[in-house]
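[1] compute the structure for the input listed below.
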Amino acid sequence: MRLRQKLLLTIIPIVGIAMLITGWMVIDNATRTSHVAVYRYSEGILGAYITQDLSSRADILRKNRLENVSSFVDRYQQEALAAADQLNLIWPGHLFVVDDRWNVIYCSSKEMPDRLPEAWEGIYRELKHGKQTLKGHVPGHERLSFVGRYFEPWNWAVFIVIKGDFLHERERFIWLTVAVAGILTSFLIVVSLGVSLHKLVLAPVRYLREATRQIAEEKGAVVIPVADGDEFGELSRDIEEMSRKIDQSRKDLRQAFEELKTLDEMKSILIANVSHELRTPLTSILGFSKIGMRKLEKLVCKARATGCDAQVTSLEPALRDALNAIMGQGEYMAGMVDNIIVLMSLMSEETVIEKLPLDIVSLVEKVCGSYRDKIESKGLELVVASPQNDIEVAGDSKMIRLVLGHYISNALTFTDAGSIAVSVSVEDNEAVVEVRDTGRGVPNEEIEKIFNRFYQVGDVMIEKPKGLGVGLPICRKVIHLHGGRVWAESVLGKGSTFSFSLPLVEGPE
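    Purely as a prediction, here's the structure:
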């Protein structure tokens, strides 16, 4: 979610809640004020009518001592009631007058019956017995409000009825006015806050984002157009300083990379040249060792034939052991040189594997057959488990032989007793080859490391591991070039299982 949206989703509810609370308070206060104003207005009209029309006429009768003359009293009372018709109420309501016998002697709207309804009797008694002015709701008629006053000289009760429709209409008007004002105010507040936040927050954030994008695209040191004086300004200066340091670091890294690349190329060339140069003397050493072994055999046979074998017989074991040691170490060194040459070749970007249809079952059986004598001469058992049908993969026969040979050689090197088992199976449209031994095993923390170049299991300060640590990296590179996988599982002290997979040419039948 964008920052603009987050700010709006935060601001709008806050403003909305604030406006709702404020609006409710305004509406409640305005409604109360409106009701109070209506009641006061009604009280004013009622007080003016009683003071000006009723009281003035009653005073005239009293001053002239005519309050007991019925004809005069009736005439003045009729004049007072006629004056009530001149009152103009500004809301839907009416004025009515009740005498001491609960008869309605006047009603401005003709809505009251001739006799006071039961709902008004309690109000009349309350007015008569103690309260000069009374206001409230008519019992049983909550939509009718009234203001009443008792006129003692004539025992009259004068009421002004305020219909609820008028008050509700005023409330609706207040609600509508506050709602419209609240919406407009909220809109103006949100717009104002949005403009302010855009200027104070979103614009600097956009500049900072653009600056980080330029840094990521390696466009050099950046300049951020955000003024100082606040946190964004300080952050902008920090990012500018960081971009300058990053740009300088990149330049230094490029220079160092070029130097390392040159050194790596020189190292590769040196290793390749040394390896190729070592091949010639190693070939000579192995060749002359074999010639020496044959010469020794002929010399021993000739000495025995002539009867002069005493001196030769005493020298034969030492010479034979020396020649065997020369040939063994020479073959071991030749194997390391070949591994280095193959690794350098595989690491080259121009390496291309020739993928041809190949029966992996037949290849595994042939490779295992070539190692059978070595395995059995060490007192180990070789077990080969493969299906009867052919399993065809696409690959380079020589390279896959090399991989399987490395797996079996490692198993032979690190297994002193037990067996070496080689199996072929099909799993998930892949041919899977496993070499399982009963050797010393590999610690779990080193399983992933043994496929790295020049990594060897063991402490080189105490026990010199055999080889250079390039066999398994060669296996991983070869299998990856074929589109397969390599992995290993091991239990320390019980043995290891090294596996690789190759995609099938076609799905299994």
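[2] can you report how many residues lie near the closest residue to residue 285 other than its chain neighbours?
    By the measure of Cβ to Cβ, 6 or more residues apart in numbering, the closest residue to residue 285 outside its immediate chain neighbours is residue 330, 4.8 Å from it. All C-beta spots, glycine's among them, are computed from the backbone N, C-alpha and C. Using other Cβ atoms under 10 Å, residue 330 has 20 other residues around it.
[3] give me the low-pLDDT residue ranges for the stretch 151-300 of the chain?
    The stretch 151-300 of the chain contains residues with pLDDT under 70 at 164-168, 170-171, 197-202, 229, 264-265, 267-280, 282, 288, 299-300.
[4] now the strands for it?
    Ranges of strands in the stretch 151-300 of the chain, per DSSP state E, counting those that start in this stretch, are 156-163.
[5] how about the secondary structure of residue 431?
    Recorded secondary structure, residue 431: strand (DSSP: H, G, I helix; E, B strand; the rest coil).
[6] touching, it and residue 390? I think so.
    No. Counting by Cβ atoms under 8 Å, residue 431 does not reach residue 390; the two are 10.5 Å apart.
[7] looking at these two, which is more packed in?
    residue 431 (25 against 10).
[8] thinking again about what came up before, residue 290 is in contact with the residue nearest to residue 285, correct?
    No. Residue 330 is beyond contact range of residue 290, at 9.8 Å (criterion: Cβ under 8 Å).
[9] ranges for the helices of the chain?
    Applying DSSP state H to the chain gives helices spanning 3-49, 56-63, 70-84, 118-128, 164-197, 203-216, 231-306, 309-347, 360-377, 397-413, 471-481.
[10] out of those helices, which is closest to residue 148?
    When these are compared by Cβ to Cβ, helix 118-128 sits nearest residue 148, at 5.4 Å.
[11] now do that closest one, average pLDDT.
    Average pLDDT, helix 118-128: 85.
[12] and it, what does it pack onto?
    Where contact means 3 or more Cβ pairs under 8 Å, 6 or more residues apart in numbering; DSSP states H and E, helix 118-128 is packed against strand 133-138, strand 141-151, strand 156-163.
[13] try 10 Å
    Under the contact criterion of 3 or more Cβ pairs under 10 Å, 6 or more residues apart in numbering; DSSP states H and E, helix 118-128 touches strand 93-98, strand 133-138, strand 141-151, strand 156-163.
[14] buried sites along that helix?
    120, 123, 124, 127 (16 or more other Cβ atoms under 10 Å).
[15] show the pLDDT at the closest residue to residue 472 other than its chain neighbours.
    Leaving aside its sequence neighbours, residue 472 sits nearest to residue 451 (Cβ to Cβ, 6+ apart; 5.0 Å). Per-residue pLDDT puts residue 451 at 80.
[16] please apply the same query to residue 407.
    The model's pLDDT for residue 407 equals 90.
[17] list the contacts of the nearest residue to it once chain neighbours are set aside.
    Nearest residue to residue 407, sequence neighbours excluded (Cβ to Cβ, 6+ apart): residue 435, at 4.1 Å. Counting by Cβ atoms under 10 Å, 6 or more residues apart in numbering, residue 435 makes contact with 364, 368, 404, 406-412, 420-423, 488, 496-500.
[18] could you redo the last one with a cut-off of 7 Å?
    Residue 435 sits next to 407, 408, 411, 420, 422, 498 when contact means Cβ atoms under 7 Å, 6 or more residues apart in numbering.
[19] was I right about the last one contacting residue 407?
    Yes. Between residue 498 and residue 407 there is a contact under Cβ atoms under 7 Å: 4.9 Å.
[20] among the buried residues of helix 118-128, which one lies nearest to residue 150?
    Nearest member of the buried residues of helix 118-128 to residue 150, counting by Cβ to Cβ, is residue 127, at 4.3 Å.
[21] tell me the bridge partners for the nearest residue to that closest one once chain neighbours are set aside.
    Distances taken as Cβ to Cβ, 6+ apart put residue 150 closest to residue 127, at 4.3 Å, once the chain neighbours are dropped. Residue 150 has the following beta-bridge partners by DSSP bridges: residue 157.
[22] the helices and strands packed on helix 118-128 into CSV, with extra columns for mean neighbour count and distance to residue 326?
    Shown next, in CSV, are these (neighbours: other Cβ atoms under 10 Å; distance: least, Cβ to Cβ, whole Å):
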stretch, mean neighbour count, distance to residue 326
strand 93-98, 22, 132
strand 133-138, 15, 125
strand 141-151, 19, 122
strand 156-163, 23, 128
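[23] the ones you listed: which one's closest to residue 207?
    Residue 207 sits nearest to strand 141-151 of all those, at 63.2 Å, using Cβ to Cβ.
[24] the strands in the stretch 401-509 of the chain, which residues?
    419-427, 430-437, 485-491, 495-503.
[25] burial of residue 490, as a residue count?
    For residue 490, the neighbour count with other Cβ under 10 Å is 21.
[26] roughly how far apart are it and residue 366?
    27 Å (Cβ to Cβ, to the nearest Å).
[27] then residue 452?
    On the measure of Cβ to Cβ, residue 452 and residue 366 end up 30 Å apart.
[28] can you pull the contacts of the closest residue to residue 190 other than its chain neighbours?
    Counting by Cβ to Cβ, 6+ apart, residue 190 lies nearest to residue 15, which is 5.8 Å off, once chain neighbours are set aside. Residue 15 makes contact with 186, 189, 190 under the criterion Cβ under 7 Å, 6+ apart.
[29] go with 8 Å
    Contact analysis of residue 15 by Cβ atoms under 8 Å, 6 or more residues apart in numbering lists 186, 189, 190, 193.
[30] so which of those residues is the most crowded?
    In the contacts of residue 15, the most neighbours by other Cβ under 10 Å go to residue 186, 18 neighbours.
[31] wait, doesn't that residue sit right on residue 14?
    No. Applying Cβ under 8 Å, one finds residue 186 not in contact with residue 14, separated by 10.5 Å.
[32] counting neighbours, what do you get for the nearest residue to residue 244 once chain neighbours are set aside?
    Closest residue to residue 244 apart from its sequence neighbours, by Cβ to Cβ, 6+ apart: residue 221 at 4.5 Å. As a burial measure, residue 221 scores 16 neighbours (other Cβ under 10 Å).
[33] any idea how many residues pack against residue 419?
    Neighbours of residue 419 (other Cβ under 10 Å): 15.
[34] over to residue 66?
    Residue 66: 15 neighbours (other Cβ under 10 Å).
[35] quick one: contacts for it?
    By Cβ under 8 Å, 6+ apart, the residues touching residue 66 are 60, 72, 73.
[36] hmm, 10 Å instead?
    Counting by Cβ under 10 Å, 6+ apart, residue 66 has contacts 60, 72, 73, 75, 76.
[37] and these as JSON lines, adding pLDDT and distance to residue 157?
    JSON lines is the format used below for these (pLDDT from 0 to 100; distance: Cβ to Cβ, whole Å):
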{"residue": "60", "pLDDT": "90", "distance to residue 157": "22"}
{"residue": "72", "pLDDT": "91", "distance to residue 157": "22"}
{"residue": "73", "pLDDT": "88", "distance to residue 157": "18"}
{"residue": "75", "pLDDT": "92", "distance to residue 157": "21"}
{"residue": "76", "pLDDT": "90", "distance to residue 157": "18"}
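[38] I am finished for the moment; much appreciated.
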